[in-house]
Structures are given as C-alpha cells and as structure tokens.
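> no sequence on hand, only this structure:
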C-alpha cells in the first residue's frame, strides 16, 4: 500500500520564520491529513483536506493539495519554538486506510 | 480525562514471552486502530475495528491478535515475542471511517530482550 513521503527529512529554522514541508503519495485518495508528534508522545491531528479541496487554513497552518501531482504541502507561518516536532502527512486511501510516512523533523531555534 | 489511554506505557520483556497491551477510548468513537512505529519513526497500520468488527487486518504475523470486547476497547495480544517486535505501539480512534481525523494514545514502548 502507498504511504506519504515527506520532504525534507529534517528542517531547522529560526523562530519567526516560515516552515514548509512537502508530501507525495502514489495512488488516489479521498483525503489527506497532517499530524504532529512531539518527542515521546502520540500523534496529534492538525488538519484534514479532502481530495476536492485545493487549500485549507487552520490558524498558522496552511495546507495545499494537488491531486494531479499527487502532492501536498504544509506551511507553518511565524514558527515558534513550541512547533519543534515531527510532522507526518497521511494520505487516506479508498478503503479508509490512513497510511503514514516517516515524517519531517522540524526544529525551531529560539 | 485522557481521551485514548494505553497501558502499560513501557513494557520490557524477554523473547518468547506473551504480552498484552490495552487501549480504551472515552470519546464515543466507533472505530479503533493499532499502529506500530519503528525506530525510524515510520508508522504502519496493523489492525482496525469498527463497532467491534475487524475491518483492516494488515500483513502482520499471526502472533499478533487484536480483541475488541466493546467499541471503547481494543487490546493487542502478542505471542512468542521476538526481538523485531520492539517498537512503539499506538492505539488510535476516530468517530467512524472516512473523513475523520484520528485521536492517538501516547503509545506503549515495547522492548524485547
């Protein structure tokens, strides 16, 4: 089965800068989700974008989806030290299986 | 109140033993899942239950057996533990299948020695 593949694997930025993470997947999906995982903790759901949507916002998060390119991006604006975490994209395949990649490790330096 | 709670948080055991991990959710969700996260942080789905019915059963060794006594509980029993079973196991739940985000537990770190 497919998985989301995140790029870059790791990202280090200064507080206040924007962070962009990309995700690619292989087959048709009905939605795509992004999650955050702080070290040693469970995953936290951030945002869900449906396959017929192109962009979605939630607070400082902006997610785009391009189904023709089978790709998505997560933008975190005005990053904070507390945003330091791993970020996972998870395409949901038809059949309702949420499949995760290995994540992008984001480090925000204060 | 913890929404999705797993016990135990840490489990260290010897090869060949049998162990169980318990999961409970108090969100009233219909669907529950088990995921395995390996040392490279890659998350793989193992099982999913919807209203106590098994709906996803990935290719995992049959030493792993899930049990859902009711829709608020999903337990994972592992027989004859092997070194390669060492990982973090996450339970999750969602209101149903499809267009829902998942709520994850905090994980059970299993170490087989």
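Done, it's in. None of the values given here were measured: they were computed from a predicted structure. Numbering: from 1, shown residues only, chains lettered A, B, ... in the order given.
> quick one: the strands in chain A?
Per DSSP state E, chain A has strands spanning A:5-7, A:10-14, A:19-24, A:29-37, A:43-50, A:55-58, A:61-66, A:71-76, A:85-93, A:97-98, A:104-109. These are given in chain order.
> direction included, what does the second one pair up with?
Right, the one you point to is strand A:10-14. Paired strands of strand A:10-14, with direction, are strand A:104-109 (parallel) (DSSP bridges).
> for residue B:56, which non-adjacent residue is closest in space?
The shortest distance from residue B:56 to any residue other than its chain neighbours is 3.6 Å, reached at residue B:48 (Cβ to Cβ, 6 or more residues apart in numbering or on different chains). C-betas here are computed from N, CA, C, even on glycine.
> so who does that neighbour touch?
Listed by Cβ atoms under 8 Å, 6 or more residues apart in numbering or on different chains, the contact partners of residue B:48 are A:97, B:31-34, B:54-56, B:97.
> so which of those residues wins on neighbours?
Top of these by neighbour number is residue B:32, holding 29 neighbours under the definition other Cβ atoms under 10 Å in any protein chain shown.
> average pLDDT for the helix or strand where residue B:65 lies, rounded please.
Taking DSSP states H and E as the criterion, the element that holds residue B:65 is strand B:64-70. Averaged over strand B:64-70, pLDDT sits at 95.
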